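> pasted the sequence and its predicted model underneath.
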There are 2 protein chains.
Amino acid sequence: MDRPIKGPLNGHSGNGKKHVIVPVDGAFSLDFVHRLRFTSNVFDTNNPVLPQVLAPCGDSPGRLVVFVDQGVADNWPGLAERIEEFISQALDWMTLAAPVQVVCGGEQSKNDWSVYESVLRTIHEAAICRHSYVLAIGGGAMLDVLGFAAATAHRGVRLVRLPTTTLAQGDAGIGVKNGINSFGKKNFIGTFAVPWAVINDKQFLTTLSDRDWRCGLSEAVKVALLKDPMFLDQIESSCPQLNNRDPAALCPIVKRSAELHLQHIVTSGDPFELKGARPLDFGHWSAHKIEQLTDFRIKHGEAVAIGLAIDVLYSALAGRLVASDAERIVGLLEDLGFDLYDQVLEDPALFDGLEEFREHLGGQLTITLLDGIGRPIDVHEINRERMSDAISHLATIAAQKRS
Amino acid sequence: MDRPIKGPLNGHSGNGKKHVIVPVDGAFSLDFVHRLRFTSNVFDTNNPVLPQVLAPCGDSPGRLVVFVDQGVADNWPGLAERIEEFISQALDWMTLAAPVQVVCGGEQSKNDWSVYESVLRTIHEAAICRHSYVLAIGGGAMLDVLGFAAATAHRGVRLVRLPTTTLAQGDAGIGVKNGINSFGKKNFIGTFAVPWAVINDKQFLTTLSDRDWRCGLSEAVKVALLKDPMFLDQIESSCPQLNNRDPAALCPIVKRSAELHLQHIVTSGDPFELKGARPLDFGHWSAHKIEQLTDFRIKHGEAVAIGLAIDVLYSALAGRLVASDAERIVGLLEDLGFDLYDQVLEDPALFDGLEEFREHLGGQLTITLLDGIGRPIDVHEINRERMSDAISHLATIAAQKRS
């Protein structure tokens, strides 16, 4: 795993000048494991998934704290008591180090320091150590702020995520990122950190609002477009049942989305995005800006649907994607119930999203487009006029659909 | 580098119960390089070290911001102008994206959020991206808070550290940690992050106060005790010249200390301290508490000298280290000019440092002691009465020395 540092030290003159520089390059690697589990009724005392993931490991003092998204607590009365009972019965080697904490969720939880600081305070007061656990139960935004707190308290305590929305179970909750918003920039502050485990419990999906039920589907379409054309067929053929809120149709789609996401993290060779591209952020340059320009009135998954439609239409105008494929994708997003028109599309500030996207990743601009379904391509230049045309085209199509 | 995730997915019944859990474990590794350079007069336009470390790399937009510790700025009038001139002449492919920033240093810079937030704001306003650079010039505390900001802005921008004290050049500035203090706990909030490069410029050591000149020597003694008995001999034989502030004696000691520190990071197998020990923190359980209990009146390196003396005397009382070695080490620390007595040694709250040390690392208590010089040993129990005896013994020795 480790390689010795270069040595003994080599002195050499730089540029033939008098300066002597002694270089020492130390190279090392780190190994990570990302544990993803799919289950139902995780807090049923007969369900072994949490006991397996939180198994006693020798020197662990076995402490944990639990945070629940306000939205989840509202939908699941008695959840805190059920969790406390579960821990006392099925995790009897663990100490619940503080009462179950209900915290504000949604994008507003990422817009200032208050939730981050209150989670840090709980971790401090509950004497959570690096071998203890933080359980976070909630949507993607709440998991982002909880993840940032868990990643920075004691330079990182163990985080177990229980994502509760389609978007979090299929996408945001699977990733190795966390963050909060600052200076008007989404996720300006955060880290890359691998969670101890992610547990997708499909029961949580049953109480979602229609909007939250739908939100994860745009990310599923995204990952299908990038990696798996057959998955796109599956989403298309499930469309009526999905609109009917049929869990039997939804769960395989969320699961496949999560699997493809994890596979990307594990096999991409750049899980911490140190290089020049972030292919999983297809459609996201405008999505992030749409969220911010609308003060988060448009949710992330809804903005991603619009962002995908824009970049798909741009891909077609650029002569990359055949027009019928572009129409098929935009049609699917509409059939899934996404409203692809919003007046924010007419705001020229939308284009600032390109530079903000570049800056966040670093280096030259890299935008993912499509050469075909399942055939992503990174480009480094975007023609503004063509992008304006793509946006106008989307506005026309979406307005027709509305009327 | 990457291994595929376990698959296809295996459904299995947990515990023979009805619950079906689908486990997916994704394993991956990440490679890191830690670049350490030793030089003199880094901002001389003929010095190639910064141009080499910040060489243009294809897609890099070549932006940087520079932060200088107030203490360094005070000692080096005109430094900001010199840096700006250097960049325009010797780094002409780089854009200095903001005027050189002078920030508060010392432990107080870590005690609240203000320096962290102001650095984040500069990084935001200067449009620093993940492929841009933050140059931090200062002591260990300032590098800690700068490192935390650089590690969390955009989930990590490139940090080049120019440590300016003996302690930072030999120890704190070499490590892969950053952090700020919170809730009365030193480094409660921070991350592990590998710097882009660390450049030790020995010129910065010439203007240090006597206290800061001395502070790094306790960390040098520490790493010698852990890893290199011959290095301890070297420190001992250099003692008169060190007290005479002879750079020719100091520089090899700081350099060896830095090398041993980097070697540990690269070869220990646990640079991010995910396991049960942190051997480089020998003597630090009490040192961190001493700093905090004295409101940082005692500096880190001074507290480490006291902490080393305590754990060395405890090692002897526990029958591990021969008494003559313990006396030799305590004598060396005194000869180096460290005052090993302070009334904080009589504060029973000192013992809280043991539990805080355990909690920060996690799992069971692990304290490094010595079985001999160069022979560290991890123990999991500390006898309080014996520790009280070690502290009393130190108080007696140190009081004799004083009188």
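Nice, thanks for sending it over.

> CA only for contacts and neighbour counts going forward, please
Fine.

> and the angle for the longest strand seen in chain A with strand B:20-39?
Criterion DSSP state E: the longest strand present in chain A is strand A:20-39. Relative orientation of strand A:20-39 versus strand B:20-39 (axes from the mean of the first three to the mean of the last three CA atoms, to 10 degrees): 170 degrees.

> which strands and helices sit next to strand A:20-39?
The helices and strands touching strand A:20-39, judged by 3 or more CA pairs under 8 Å, 6 or more residues apart in numbering or on different chains; DSSP states H and E, are strand A:12-13, strand A:197-201, strand B:20-39, helix B:247-267.

> and among the ones you listed, the most buried is which?
With neighbours taken as mean count of other CA atoms under 10 Å in any protein chain shown, the helices and strands packed on strand A:20-39 reach their highest mean count in strand A:197-201, at a mean of 25.

> the strands in the stretch 251-400 of chain A, which residues?
Here the stretch 251-400 of chain A has its strands, by DSSP state E, counting those that start in this stretch, at A:367-372, A:375-379.

> mean confidence for the shortest one?
In this case it means strand A:375-379. The average pLDDT within strand A:375-379 is 96.

> neighbouring strands of that strand in the sheet, and parallel or not?
Sheet pairing of strand A:375-379 (DSSP bridges) gives strand A:367-372 (antiparallel).

> quick one: closest of the helices and strands packed on strand A:20-39 to A:Cys104.
Counting by CA to CA, A:Cys104 lies closest to strand A:197-201 out of these; the figure is 20.5 Å.

> helices and strands around the closest one, which ones?
Partner elements for strand A:197-201 (3+ CA pairs under 8 Å, 6+ apart): strand A:20-39, strand A:158-163.

> buried stuff in the helix or strand following it?
Sequence order places helix A:210-227 as the next helix or strand after strand A:197-201, per DSSP states H and E. In terms of neighbour count (16 or more other CA atoms under 10 Å in any protein chain shown), helix A:210-227 has its buried residues at A:212-227.

> can you check stretch A:119-132 too?
A:119-124, A:126-132.

> list of residues touching it?
A:60-65, A:97-98, A:146, A:149-150, A:153-154, A:156-158, B:183, B:274, B:358-363 (CA atoms under 8 Å, 6 or more residues apart in numbering or on different chains).

> nearest to B:Asn111, out of the helices and strands packed on strand A:20-39?
helix B:247-267 (25.8 Å).

> hmm, the closest one touching chain A?
Yes. Using CA under 8 Å from any CA of the partner chain, a contact is recorded between helix B:247-267 and chain A, made by B:262-263, B:266-267.

> okay, the angle between that helix and strand B:20-39?
Going by the same axes, to 10 degrees, helix B:247-267 makes 160 degrees with strand B:20-39.

> for the helix or strand harbouring A:Lys401, packing partners?
Following DSSP H and E, one finds A:Lys401 within helix A:384-402. Helices and strands touching helix A:384-402, as assessed by 3+ CA pairs under 8 Å, 6+ apart, comprise helix A:300-317.

> which residue is nearest the middle of chain A?
The residue lying closest to the centre of chain A (CA atoms, centre = their mean) is A:Ala172, at 2.0 Å.

> ok, that residue - contacts?
A:Gly140.

> so what's the residue count around A:His154?
When neighbours are defined as other CA atoms under 10 Å in any protein chain shown, A:His154 has 27 of them.

> for it, give me its contacts.
Here A:His154 is in contact with A:129-130, B:187-191, B:360-361 (criterion: CA under 8 Å, 6+ apart).

> and if we set it to 7 Å?
A:His154 is in contact with A:130, B:188-190, B:360, counting by CA atoms under 7 Å, 6 or more residues apart in numbering or on different chains.

> format those residues as JSON lines; extra columns: secondary structure, distance to B:Glu327 and pLDDT.
Shown next, in JSON lines, are the contacts of A:His154 (DSSP: H, G, I helix; E, B strand; the rest coil; distance: CA to CA, whole Å; pLDDT from 0 to 100):
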{"residue": "A:Arg130", "secondary structure": "coil", "distance to B:Glu327": "36", "pLDDT": "90"}
{"residue": "B:Phe188", "secondary structure": "strand", "distance to B:Glu327": "34", "pLDDT": "95"}
{"residue": "B:Ile189", "secondary structure": "strand", "distance to B:Glu327": "37", "pLDDT": "98"}
{"residue": "B:Gly190", "secondary structure": "coil", "distance to B:Glu327": "37", "pLDDT": "98"}
{"residue": "B:His360", "secondary structure": "helix", "distance to B:Glu327": "31", "pLDDT": "80"}
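
> make CSV out of those and add distance to A:Asp201.
Output for those, formatted as CSV (distance: CA to CA, whole Å):
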residue, distance to A:Asp201
A:Arg130, 25
B:Phe188, 32
B:Ile189, 31
B:Gly190, 31
B:His360, 31
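
> nearest residue to A:Asp342 in space, please, no chain neighbours.
Nearest non-adjacent residue to A:Asp342, counting by CA to CA, 6 or more residues apart in numbering or on different chains: A:Ala395, 7.9 Å away.

> what about the one you found, neighbour count?
20.

> so for it, what pLDDT did the model give?
91.

> surely it touches A:Gln343?
No. Using CA atoms under 7 Å, A:Ala395 is not in contact with A:Gln343; the gap is 8.7 Å.

> which residues are in contact with both of those two?
In terms of CA under 7 Å, 6+ apart, A:Ala395 and A:Gln343 are not both contacted by any residue.

> do I have it right that A:Leu162 meets A:Trp196?
No. Contact criterion CA under 7 Å: A:Leu162 and A:Trp196 do not qualify, at 11.3 Å.

> looking at these two, which is more packed in?
A:Leu162 (25 against 20).

> which residues touch that one?
Taking CA under 7 Å, 6+ apart, we find A:Leu162 in contact with A:136-138, A:198-200.

> distance-wise, check it relative to chain B.
14 Å (CA to the nearest CA, to the nearest Å).

> please apply the same query to A:Gly301.
Distance from A:Gly301 to chain B, by CA to the nearest CA: 21 Å.

> hang on, that residue packs against A:Val221?
No. Judged on CA under 7 Å, A:Gly301 makes no contact with A:Val221 at a distance of 10.7 Å.

> grab the nearest non-local neighbour of A:Phe272.
Going by CA to CA, 6+ apart, A:Phe272 has A:Phe192 as its nearest residue, at 6.1 Å.

> which residues touch the one you found?
A:176-178, A:272, B:155.

> please tell me how far it sits from A:Asn111.
Remark: distance between A:Phe192 and A:Asn111 (CA to CA, to the nearest Å) = 19 Å.

> next: A:Glu291.
12 Å.

> cool, and A:Leu159?
A:Leu159 is 21 Å from A:Asn111, where distance means CA to CA.

> same deal with A:Leu336?
With distances taken as CA to CA, A:Leu336 is found 29 Å from A:Asn111.

> okay, now the unreliable bits of chain A?
Residues of chain A that meet the criterion pLDDT under 70 lie in A:1-18, A:20, A:58-61.
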